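Student: Pasting a predicted model and its sequence here:
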Amino acid sequence: AKARHLKWEVSHMFWSPDCEEKVLIGINGQFPGPTIRAKAGDTIVVELKNGLHTEGVVIHWHGVRQIGTPWADGTAAISQCAINPEETFTYRFVVDKPGTYFYHGHYGMQRAAGLYGSLIVDVADGEEEPFKYDGELNLLLSDWYHESIYNQMVGLSSSPMRWIGEPQSLLINGRGQFNCSLAAAHTPGTKQCTAGGNRHCAPVILPVEPNKTYRLRIASTTSLASLNLAIGKHKLTVVEADGNYVAPFVVDDMDIYSGDSYSVLLTTDQDPSSNYWVSIGVRGRTPKTAPALALLNYRPNRGFKLPAIAPPVTPAWNDTAHSKAFTTQIKARAGTPPPPATSDRRIELLNTQNKLDGHIKWSINNVSLVLPATPYLGSLKLGLKTALAAARPADTFGRAYDVTRPPHNPNTTTGDNVYVLRHNTTVDVVLQNANALQHNVSEVHPWHLHGHDFWVLGYGEGAYRGDAADAARLNLVNPPLRNTAVIFPYGWTALRFVADNPGVWAFHCHIEPHLHMGMGVIFAEAIDRVGKVPKEAVSCGATATALMNGDHL
Ligand SMILES: O=C1O[C@H]([C@@H](O)CO)C(O)=C1O
């Protein structure tokens, strides 16, 4: 294993991801940021300079469990202080598991401003992947808004709220096309984009040779959109999800929620005289955004040779049965450790949309998350009395709540939502979806856990009762290990993990505006067992004062 040293500077820059020039956040003058490529067991060292001049920054390494290095998780106000303008913070952590990952900003809505990139971990030297392929292609998916994140954030916290709406474009590897289509011939009412050139928005071309097998690495860092990907005439064999191998299964199209990553195998077994469309469209919300297109380019055809047949059509946004059929097919590959047979604690988290003095919030067990001035990792490690409010959040929301209707009383409060977990306990989390404020609306929410993978034990419809019928829906034989799991409208999702990684970990809806509106909780896990926290990670707020007064981390 080796150490991979990277020197990065984050800065605002002009960029035209969908051919319209805007300001976004890039790294070393690139958007998306540089791809990190490492081998399992390597240590990644990123010297991150904040070149944003007037705001802080942090970067989260999504899917990396940070075993023993909770201060490198990159969550502002939770695992570290935001890095001040012109300052440099060094992230140092081990990528212990091969897989497809990504990294992104985790302060305010900086991810939605373009602060993201791919992180790919190959197997260690001498090891082999449990499947064969001839080549690899990488697709980092995102959505893009023409309004700045500052406009978006002010809108979200205004009364009345100004909702951000649907994205203007979907991006593949940071490239999209607004107001035109690469497949105008097949898309009535659109004008043909001029393909080619080296513009920021030039379409992605994926070169392949006929009769070979490729591993496509796919990850979604969207702010809002749930996605579906299909490739004309080609089947996809799903083999990895969130850095864990899954039992291979074949699909025509696949859903990808924000925070998900996958590997799929594709065999180039179609007519080699043609190229084929890769199409990515919106699921789960009424789509107002055109699908993103890329070209699967069979060599030696020209890259821009437009396919004769139309791009695959994205399944209807509200075809939830189609989504469930895909998601519930995902099972652990044989050899994956099974979950413990029982748990020590069950935390039931009701997801609701609420009101707070005329503002719209998302709440968990009727408390909307707000983050403190002083990051928890420092304040809890030092045992500062001011770190937490007097009461801990509830482990249940009560069986009387009617998930099929808008909240009877929509009013909510704010709180720290910190759950204190005991070392090595097995924790079940049941995420319960419900009706939003509007009648007959229940949205899709992909929940992402930091510091762990969890087993996805099962999904159910309606209210979770914790009875024998619900227990029968749980898979304790081959549930997949993941770090992100979706809750379907009006349904519940049950997860299990072992609290074996001391630290303070965020667990939240990966939809950027929803987290901003309070949709998350925090797991403070075995704080007494956290190793020596580097001072530079947490020297701010009340922790800095305590350190100056002679306290020790
Ligand atoms: O958080 C959200 O707010 C809007 C809507 O519920 C209110 O305008 C929406 O679609 C969300 O996902």
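Tutor: That came in fine, so what should we check first?
Student: Which strand residues bridge the nearest residue to residue 464 once chain neighbours are set aside?
Tutor: Spatial nearest neighbour of residue 464, excluding adjacent residues (C-beta to C-beta, 6 or more residues apart in numbering): residue 492 at 4.2 Å. (Glycine included, C-beta is placed from N, CA and C.) Per DSSP bridges, residues listed as beta-bridge partners of residue 492: residue 432, residue 460.
Student: And residue 492, how close does it get to residue 460?
Tutor: Distance from residue 492 to residue 460, counting by C-beta to C-beta, to the nearest Å: 5 Å.
Student: do residue 154 as well
Tutor: 38 Å.
Student: Please apply the same query to residue 28.
Tutor: 46 Å.
Student: Mind checking which of those two has more residues around it?
Tutor: Ranked by neighbour count (other C-beta atoms under 10 Å), residue 28 and residue 460 place residue 460 first, with 19 against 15.
Student: quick one, what contacts that one?
Tutor: 470, 473, 491, 492, 494 (C-beta atoms under 8 Å, 6 or more residues apart in numbering).
Student: Residue 329 too?
Tutor: 238, 249, 251.
Student: please redo it, this time with the cut-off set to 7 Å
Tutor: residue 249 (C-beta atoms under 7 Å, 6 or more residues apart in numbering).
Student: And for the helix or strand residue 521 falls within, what's in contact with it?
Tutor: If you go by DSSP states H and E, residue 521 is part of strand 520-525. Strand 520-525 has contacts (C-beta under 7 Å, 6+ apart) with 78, 349, 364, 369, 376, 380, 393, 417-421, 499, 501-509.
Student: Next one, pLDDT for the residue nearest to residue 464 please.
Tutor: Per-residue confidence at residue 492 stands at 98 (pLDDT).
Student: Which secondary structure state is assigned to the closest residue to the ligand within the stretch 51-200 of the chain?
Tutor: Using C-beta to the nearest ligand atom, the closest approach of the stretch 51-200 of the chain to the ligand is made by residue 163 at 3.9 Å. Residue 163 falls in the coil class when you classify it by DSSP: H, G, I helix; E, B strand; the rest coil.
Student: What about the closest residue to it other than its chain neighbours, how many residues nearby?
Tutor: Ranked by C-beta to C-beta, 6+ apart and with sequence neighbours excluded, the top spatial neighbour of residue 163 is residue 155, at 7.0 Å. Residues within reach of residue 155, counting by other C-beta under 10 Å, total 16.
Student: Beyond the helix or strand hosting residue 155, next helix or strand please.
Tutor: Using DSSP H and E, residue 155 falls within helix 149-156. Heading C-terminal from helix 149-156, the first helix or strand you meet, by DSSP H and E, is strand 169-172.
Student: can you list the residues that contact that next one?
Tutor: Against strand 169-172 from outside (C-beta under 7 Å, 6+ apart): 17-18, 139, 141-144, 176, 178, 204, 225, 280, 289, 291-292, 294.
Student: ok so, going back, just the C-alpha atoms of the helix holding residue 155, please, in CSV.
Tutor: Provided in CSV are the C-alpha atoms of helix 149-156 (Å, rounded to 0.1, in the frame of the first residue of the first chain):
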residue,chain,number,x,y,z
ILE,A,149,-26.6,28.2,-4.5
TYR,A,150,-26.8,31.5,-2.6
ASN,A,151,-30.1,32.3,-4.4
GLN,A,152,-31.2,28.7,-3.7
MET,A,153,-30.4,28.8,0.0
VAL,A,154,-32.1,32.2,0.6
GLY,A,155,-35.2,30.9,-1.3
LEU,A,156,-35.3,27.7,0.8
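Student: buried residues in it?
Tutor: 149, 152, 153, 155, 156 (16 or more other C-beta atoms under 10 Å).
Student: Quickly name whichever of these is closest to residue 185.
Tutor: residue 152 (34.5 Å; C-beta to C-beta).
Student: mind listing what that closest one touches?
Tutor: 109, 112, 145, 164, 513.
Student: one step back: could I get the average pLDDT for the helix holding residue 155?
Tutor: Computed over helix 149-156, the average pLDDT equals 98.
Student: Leaving out sequence neighbours, find the closest residue to residue 322.
Tutor: Here the residue nearest residue 322, using C-beta to C-beta, 6+ apart, is residue 315, at 4.8 Å.
Student: Only the buried subset of the contacts of residue 460, as a ChimeraX command please.
Tutor: Of the contacts of residue 460, the buried ones can be selected in ChimeraX as follows, counting by 16+ other C-beta under 10 Å:
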select :470,491,492,494
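Student: biggest separation within the contacts of strand 169-172, which pair?
Tutor: The farthest-apart pair in these, when distances are taken by C-beta to C-beta, is 139 and 178, at 19.2 Å.
Student: in what helix or strand does residue 355 lie?
Tutor: strand 345-356.
Student: Name the next helix or strand downstream of that strand, please.
Tutor: Downstream of strand 345-356, the next assigned helix or strand under DSSP H and E is strand 359-364.
Student: does residue 101 count as helix, strand or coil?
Tutor: Assignment for residue 101 (three-state DSSP): strand.
Student: err, residue 301, not the other one
Tutor: Applying three-state DSSP: residue 301 is coil.
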